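A.B. asks: coordinates for the following, if possible.
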Amino acid sequence: MNPPPLDARLAHLEGAFVQVGERLNSMDRRLDSIEHLLQSRDQNTQSRFGQLEQALSSRFAQVDARFALIDQRLTWLIGIVVGTWITTILTVLFHH
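C.D. replies: As a prediction, the model looks like this:
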């Protein structure tokens, strides 16, 4: 049995290389589309996190303002209670 001629074997190899090249090009196109999809999702995610960060920052500022108001009112309340206590003690001491 004689091996196939060299030209036929080379043609077969060339065809195989063409198929490999087509498959690689197809894979490149698919990977590029996946890359673009991931980039757009990454940008979308970053945008959402930016919006969330702004909303949280605003909300924390509101909470801080309320705590400041509570601190102010508590200081006044403590002052009134202590003043009333001192006045009551002085009244009891100097009642005679």
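A.B. asks: where does the protein dip in pLDDT?
C.D. replies: 1, 96 (pLDDT under 70).
A.B. asks: quick one, helices of it?
C.D. replies: Listed in chain order, the helices of the chain (DSSP state H) span residues 6-93.
A.B. asks: ok, now how distant is residue 33 from residue 19?
C.D. replies: Residue 33 sits 22 Å away from residue 19 when distances are taken as CB to CB, to the nearest Å. For glycine as for every other residue, the C-beta is placed from the backbone atoms N, C-alpha and C.
A.B. asks: go on, residue 65?
C.D. replies: With the distance defined as CB to CB, residue 65 ends up 69 Å from residue 19.
A.B. asks: just residue 63 next, same as before
C.D. replies: Counting by CB to CB, the gap from residue 63 to residue 19 is 65 Å.
A.B. asks: the spatially most central residue of the chain and residue 4, how far apart?
C.D. replies: The centroid of the chain falls nearest to residue 49 when counting by CA atoms, centre = their mean (4.1 Å). With distances defined as CB to CB, the gap from residue 49 to residue 4 amounts to 63 Å.
A.B. asks: tell me how many other residues surround residue 61.
C.D. replies: 10 (other CB atoms under 10 Å).
A.B. asks: show me the contacts for it.
C.D. replies: For residue 61, no contacting residues are found, by CB atoms under 8 Å, 6 or more residues apart in numbering.
A.B. asks: give me the neighbour count for residue 64.
C.D. replies: Taking other CB under 10 Å as the neighbour definition, residue 64 ends up with a count of 10.
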